[in-house]
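S.K.: Just need the structure, nothing else, for what follows:
(chains A and B)
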Protein chains: 2
Amino acid sequence: MTTPKGTRLPPDERREQLVALGLDLLGRTPPEQVSIEAIARAAGISKGLLYHYFPTKSDFVVAVLRQSRDELERRMAPDLSVPMTVVERLDASIDAFLGYVSDHAVGFLAITHARGGEDAAIRAVIAENRARRVTAMVDFAAALSSGPREEVESPALVVALEGWLSFCEGVVSNWLAREDLGRADVRHLIRENLLATLAAVSGVDPRPAAARLARNAAALSSPTARDAAAPAAAPVS
Amino acid sequence: MTTPKGTRLPPDERREQLVALGLDLLGRTPPEQVSIEAIARAAGISKGLLYHYFPTKSDFVVAVLRQSRDELERRMAPDLSVPMTVVERLDASIDAFLGYVSDHAVGFLAITHARGGEDAAIRAVIAENRARRVTAMVDFAAALSSGPREEVESPALVVALEGWLSFCEGVVSNWLAREDLGRADVRHLIRENLLATLAAVSGVDPRPAAARLARNAAALSSPTARDAAAPAAAPVS
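M.R.: From the prediction side, this is the model:
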């Protein structure tokens, strides 16, 4: 924390300071073990003042998780001012995710682990964040299928994307715990897994949009992985 | 439970009954919320007798998790007396996994969620179970690469397989919570994801074994997913 303990702060800054502190604390301790006392002590304020900003610990953790999600979504938002191919854009987005989890390594792991925690409000915001990511990925699938969302959305696509999000978590949890694998390698595994996940849905969903999605995903897949030369990806504005 | 409450049982059967009860209880409640009282009450025995079998709650949960893993491994063990292609064998193994998680749906979810729990012994047995699955999958990758284990094992392969195991958990958690996707569809998603995961490692590991693994995995992948005709899988005795 750069703000010295006990400094008088305007309410907005104080709230921001507390949430930043929470991100740091949640990075080191599971939510159910973070105590209001520890937060107040770390911020150099009284428990009473902390309760003024966050009536319950659950309110506090939920604010931290929302803030953390906003930061991740901001980082992953595509920079549409730069012309890139689909694969470049996908890689940039995965890279932003990997940069975020590197910066908040322990926090990311704590959030992953908090999914099964006891607090209903905390579980709800984690589930909400996850649902937002699934929605964003269905949008990506629709764009890749060159069709409207409703033609590509299906139980199989949603379940497959939930699987892929878990794949990302599993890969990243392990990557963060070891030092023998580079970020570009992890990005490759995550990107290829997404393209394969999207392609595999066509084995379950007989609609033409699923077939288009499979074709376009396979075309973007790295030649090494497919053991065949892939056509060059079409640039996308 | 089929054993009536309070029945006198020989020690071995009692222990077995308690572990079966634990599987059931852990299916409905996270480990940290399962109370010794609730277990003893459900078994119709005294807390003292329960402590005779399991000195701490952690010992009890660990016994339940080991038992649960043994059952899963027994179900997934290949039946070598039946001639099958690699894909048939893979599908049979995934099917056994899906049957197991269907039978123990809530228990499976509880174990998945317990990964981040507070008890070190419980976390250790969950990590040990996971490590055993990674080892089994590296063996599968070695067999598929037609080479020895050390030629195919790498940080990238291990991280990718950890990702795939998380993929399975993510897919299954979601599948169990909905009724609009069949088991064969889930099996397809899991199988294709594994083959793609194994193939993608060659984009990161330049060794010939990784290339062989990629080639053989791609050859087994479903034609729909690869958008090209796949050669027939060679039968394996």
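S.K.: close to chain B, is the helix or strand containing residue A:91?
M.R.: With elements delineated by DSSP states H and E, residue A:91 resides in helix A:86-103, which encompasses its position. No - using C-beta under 8 Å from any C-beta of the partner chain, no contact is recorded between helix A:86-103 and chain B, whose separation bottoms out at 12.4 Å. Heads up, the C-betas are built off the backbone N, CA and C, glycines and all.
S.K.: helices or strands up against that helix?
M.R.: On a contact count with 3 or more C-beta pairs under 8 Å, 6 or more residues apart in numbering or on different chains; DSSP states H and E, helix A:86-103 meets helix A:57-76, helix A:155-176, helix A:183-200, helix A:208-220.
S.K.: The shortest one to helix A:183-200, inter-axis angle?
M.R.: Right, the one you point to is helix A:208-220. For helix A:208-220 and helix A:183-200, the angle between their directions (axes from the mean of the first three to the mean of the last three C-alpha atoms, to 10 degrees) works out to 150 degrees.
S.K.: cool, and the longest one?
M.R.: The directions of helix A:155-176 and helix A:183-200 differ by 170 degrees, with the same axes, to 10 degrees as the criterion.
S.K.: So what angle separates the directions of helix A:155-176 and helix A:86-103?
M.R.: 50 degrees.
S.K.: what separates helix A:155-176 from the chain centre, distance-wise?
M.R.: 10 Å (C-alpha atoms, centre = their mean, to the nearest Å).
S.K.: if we can go back for a sec, what residues of the helix holding residue A:91 count as buried?
M.R.: Of the residues in helix A:86-103, those with enough neighbours to count as buried (16 or more other C-beta atoms under 10 Å in any protein chain shown) are A:86-87, A:89-98, A:100-101.
S.K.: Which two among the residues you listed are spaced furthest apart?
M.R.: Across those, no pair lies farther apart than A:86 and A:101, at 22.8 Å, counting by C-beta to C-beta.
S.K.: gap between residue A:86 and residue A:220?
M.R.: Residue A:86 sits at a distance of 6 Å from residue A:220 (criterion: C-beta to C-beta, to the nearest Å).
S.K.: do the same with residue A:161
M.R.: When distances are taken as C-beta to C-beta, residue A:161 and residue A:220 turn out to be 16 Å apart.
S.K.: got it, and residue A:47?
M.R.: In this structure, residue A:47 and residue A:220 are separated by 53 Å, where distance is defined by C-beta to C-beta.
S.K.: Was I right to think residue A:211 contacts residue A:202?
M.R.: Yes - with the criterion set as C-beta atoms under 8 Å, residue A:211 and residue A:202 qualify as a contacting pair; they are 5.2 Å apart.
S.K.: tell me the mean pLDDT over the helix ranked longest in chain A?
M.R.: As assigned by DSSP state H, the longest helix anywhere in chain A is helix A:120-144. Taken as a whole, helix A:120-144 has an average pLDDT of 91.
S.K.: From the contact counts, what lies against the helix or strand that that helix is followed by?
M.R.: Read in the C-terminal direction, the helix or strand following helix A:120-144 is helix A:149-152, with elements assigned using DSSP H and E. Contacting helix A:149-152 under the criterion 3+ C-beta pairs under 8 Å, 6+ apart are the following elements: helix A:120-144, helix A:208-220.
S.K.: so which of the ones you listed gets nearest chain B?
M.R.: Proximity to chain B (C-beta to the nearest C-beta) singles out helix A:208-220 among the helices and strands packed on helix A:149-152, at 4.7 Å.
S.K.: Also compute the angle for that closest one relative to helix A:120-144, please.
M.R.: 80 degrees.
S.K.: With only the CA atoms kept, save helix A:208-220 in CSV.
M.R.: Extracted as CSV, the C-alpha positions of helix A:208-220 are listed here (Å, rounded to 0.1, in the frame of the first residue of the first chain):
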residue,chain,number,x,y,z
PRO,A,208,-25.0,-25.1,-39.9
ALA,A,209,-23.7,-22.3,-37.6
ALA,A,210,-21.8,-24.9,-35.5
ALA,A,211,-20.2,-26.3,-38.7
ARG,A,212,-19.2,-22.8,-39.8
LEU,A,213,-17.8,-22.2,-36.3
ALA,A,214,-15.8,-25.4,-36.5
ARG,A,215,-14.4,-24.6,-39.9
ASN,A,216,-13.4,-21.1,-39.0
ALA,A,217,-11.9,-22.2,-35.6
ALA,A,218,-9.9,-25.0,-37.3
ALA,A,219,-8.6,-22.5,-39.9
LEU,A,220,-7.2,-20.3,-37.1
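S.K.: give me the low-pLDDT residue ranges for chain A?
M.R.: Where chain A drops to pLDDT under 70, the residues are A:1-7, A:27-32, A:106-107, A:110-118, A:224-237.
S.K.: what's near enough to touch residue A:191?
M.R.: For residue A:191, the contact set (C-beta atoms under 8 Å, 6 or more residues apart in numbering or on different chains) comprises A:87, A:90-91, A:94, A:222.
S.K.: again, but for residue A:208
M.R.: Taking C-beta under 8 Å, 6+ apart, we find residue A:208 in contact with residue A:151.
S.K.: Quickly note the distance from it to residue A:199.
M.R.: Residue A:208 is 15 Å from residue A:199, by C-beta to C-beta.
S.K.: what's the answer for residue A:124, then?
M.R.: From residue A:124 over to residue A:199 the distance is 33 Å, taken as C-beta to C-beta.
S.K.: which one of the two has more residues nearby?
M.R.: Neighbours around residue A:124 and residue A:199, counted as other C-beta atoms under 10 Å in any protein chain shown, are more numerous at residue A:199. The numbers are 30 against 13.
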